[in-house]
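Undergrad: missing the sequence, but the structure's below:
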């Protein structure tokens with residue numbers, strides 16, 4: 001066809017015209033799945049897989065599991081396949097999922113607010129010993145993870161957990177994960193407001209409900225009324241932080257859009273004050289925005305932090321008010337500066353009722369089933385039926401009488417669960433690492449434990465608060481970007497040019513009102529074997545160069561690259 005004034009491009013090659021699909025936002029009318037994850041969620045809700053686990057997979061075995069259930073929907077019930085033993089970190093990004101999968105699972109027990117009775121803790125310990133080869137890790141989101149779980153045993157494990165009020169519902173998956181809360185909510189003398197009711201109400205209304213069981217990706221929540229700011233609110237999708245309003249009294253300051261991984265972002269304040277009784281509704285509004293407006297096209301951008309960054313806090317608050325709450329929120333104050341640089345509740349502290357709570361430090365969150373049972377026994381023997389987990393991989397025993405404190409501290413010490421830890425024992429955290437995780441490149445738990453021992457031996461007089469976080473890959477489950485010393489696992493070259501396990505170093509990250517991400521010095525990487533020497537060297541330079549009262553993070557931000565290398 002010849003070109004004409006009405007059709008000037010008739011002689012040109014025709015271009016394929018495709019309809020713009022945006023970012024897969026439901027609120028914009030884009031419901032067609034744009035990737036495999038969105039497709040399997042549309043095909044069948046993740047919550048529905050429980051029936052197949054109970055009636056088919058647990059009876060027919062691992063090989064009967066549909067791949068979309070195995071690596072997708074089973075996460076909605078706290079189950080991930082663990083890494084097949086013997087696969088080194090260099091193959092993590094090379095092998096197909098089925099080549100990395102072992103025929104065993106990690107099972108995450110959901111513990112909202114970190115609240116456990118001694119009966120519940122003992123049941124977890126018994127499950128660990130009977131079904132999980134004794135494994136148990138306290139996570140930095142207050143959960144407990146077990147390993148070596150067989151699919152055949154999962155229904156019985158669920159029965160035992162649910163008999164004592166625990167579950168694995170939505171412990172993983174593209175859904176509302178565990179609601180973390182102050183481990184001393186309703187207990188601590190200095191508490192601004194107790195958020196326990198809101199945590200329970202959110203769980204009762206929404207967890208396990210299909211209203212929010214298909215989100216773009218995971219959704220993390222924090223609620224705390226502690227002046228210690230003890231739930232790392234800055235790196236959650238939504239956080240409610242205790243504040244005192246000059247006119248309305250105690251309530252919560254609302255934060256949204258925090259998160260780490262490979263694109264870390266500090267959450268932002270919406271400038272809104274939320275009373276306790278409105279927290280569940282506001283939470284539902286925020287997660288509703290994520291469900292409806294969240295980006296579903298690319299998994300790498302499918303977190304709330306990207307939407308908040310694009311919209312800004314003003315637009316986000318306006319949409320929340322106009323479309324979801326149908327009312328305006330009250331303006332409110334920002335949180336006060338934390339009253340302590342330690343936010344983990346380790347040590348002996350007086351409760352509101354005159355009793356005491358005792359926080360103690362397992363090594364990098366690693367315990368075992370037998371130890372969990374012993375902790376339950378100790379708590380009961382010292383007058384308490386309640387224990388707590390923290391977001392720093394620590395534990396707390398509540399309701400200890402003054403007369404029993406010394407005895408409990410000594411008994412914990414005998415189990416290597418010290419309530420008087422060194423800064424290194426107290427401040428070192430590690431993710432699961434290559435031992436079990438299919439994403440990991442290096443080992444973390446044993447390396448972190450060995451590092452603690454070395455630093456205690458080499459620097460026995462060091463007494464500054466310090467966080468050392470080890471992560472097995474770039475995904476930052478152990479919060480490397482906000483640690484004083486953050487260690488991101490990767491393969492590095494040693495002095496002989498051999499590829500070995502090591503870490504990229506981040507220095508000077510922090511949470512609190514001066515929250516920020518650690519500094520990366522170009523080319524600064526250390527092998528696992530060199531790690532104790534490196535950390536010792538940097539800490540000695542800090543001690544030599546610091547100004548009076550200067551924190552490690554502040555020194556690291558101004559120190560020369562030579563001093564940090």
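TA: Done, it's in. All values derive from a computational prediction rather than experimental measurement.
Undergrad: residue 194 touches residue 184, doesn't it?
TA: No: when contacts are counted by C-beta atoms under 8 Å, residue 194 is not listed as touching residue 184 (9.7 Å). (C-beta placed from N, C-alpha, C; glycine too.)
Undergrad: what's the pLDDT at residue 479?
TA: Here, the pLDDT recorded for residue 479 equals 94.
Undergrad: for it, give its distance to residue 414.
TA: From residue 479 across to residue 414, the span is 30 Å (C-beta to C-beta, to the nearest Å).
Undergrad: more neighbours: which of those two?
TA: Neighbours per residue (other C-beta atoms under 10 Å) separate residue 479 from residue 414, with residue 479 holding more: 22 against 11.
Undergrad: which residues are in contact with the closest residue to that one other than its chain neighbours?
TA: In space, and not counting its chain neighbours, residue 479 is closest to residue 469: 5.4 Å by C-beta to C-beta, 6 or more residues apart in numbering. When the contact criterion is C-beta atoms under 8 Å, 6 or more residues apart in numbering, the partners of residue 469 are 428, 429, 430, 478, 479, 480, 482, 483, 485, 486, 487.
Undergrad: can you check residue 90 too?
TA: Here residue 90 is in contact with 441, 491, 499 (criterion: C-beta under 8 Å, 6+ apart).
Undergrad: quick one, which of residue 194 and residue 184 is more surrounded?
TA: Neighbours were counted for residue 194 and for residue 184 using other C-beta under 10 Å; residue 184 has more, 27 against 23.
Undergrad: pLDDT at residue 18, what is it?
TA: 42.
Undergrad: in contact with the residue nearest to residue 408 when sequence neighbours are not counted, which residues?
TA: Nearest non-adjacent residue to residue 408, counting by C-beta to C-beta, 6+ apart: residue 382, 4.5 Å away. By C-beta under 8 Å, 6+ apart, the residues touching residue 382 are 397, 400, 401, 404, 407, 408, 411.
Undergrad: three-state assignment of the fifth one?
TA: In three-state terms, and counting by DSSP: H, G, I helix; E, B strand; the rest coil, residue 407 is helix.
Undergrad: who's in contact with it?
TA: For residue 407, the contacting residues are residue 382, by C-beta under 8 Å, 6+ apart.
Undergrad: one more time with 10 Å, if that's ok
TA: 378, 381, 382, 400 (C-beta atoms under 10 Å, 6 or more residues apart in numbering).
Undergrad: quick one, which of those residues are buried?
TA: Neighbour-count burial (16 or more other C-beta atoms under 10 Å) is assigned, among these, to 378, 382, 400.
Undergrad: among these, which are in strands?
TA: Among these, the members falling in strands (DSSP state E) are residue 400.
Undergrad: out of the buried ones among the contacts of residue 407, which is nearest to residue 389?
TA: Nearest to residue 389 among the buried ones among the contacts of residue 407: residue 378, at 15.4 Å, using C-beta to C-beta.
Undergrad: which residues touch the closest one?
TA: 118, 358, 360, 384, 387, 397, 400, 407-408, 411-412, 414-415, 417.
Undergrad: so which of those belong to strands?
TA: 358, 360, 387, 397, 400.
Undergrad: and the contacts of residue 469 as JSON lines, adding secondary structure and distance to residue 80?
TA: Listed next are these as JSON lines, based on DSSP: H, G, I helix; E, B strand; the rest coil; distance: C-beta to C-beta, whole Å:
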{"residue": "428", "secondary structure": "strand", "distance to residue 80": "24"}
{"residue": "429", "secondary structure": "strand", "distance to residue 80": "20"}
{"residue": "430", "secondary structure": "strand", "distance to residue 80": "18"}
{"residue": "478", "secondary structure": "coil", "distance to residue 80": "17"}
{"residue": "479", "secondary structure": "coil", "distance to residue 80": "20"}
{"residue": "480", "secondary structure": "helix", "distance to residue 80": "21"}
{"residue": "482", "secondary structure": "helix", "distance to residue 80": "24"}
{"residue": "483", "secondary structure": "coil", "distance to residue 80": "24"}
{"residue": "485", "secondary structure": "strand", "distance to residue 80": "28"}
{"residue": "486", "secondary structure": "strand", "distance to residue 80": "24"}
{"residue": "487", "secondary structure": "strand", "distance to residue 80": "23"}
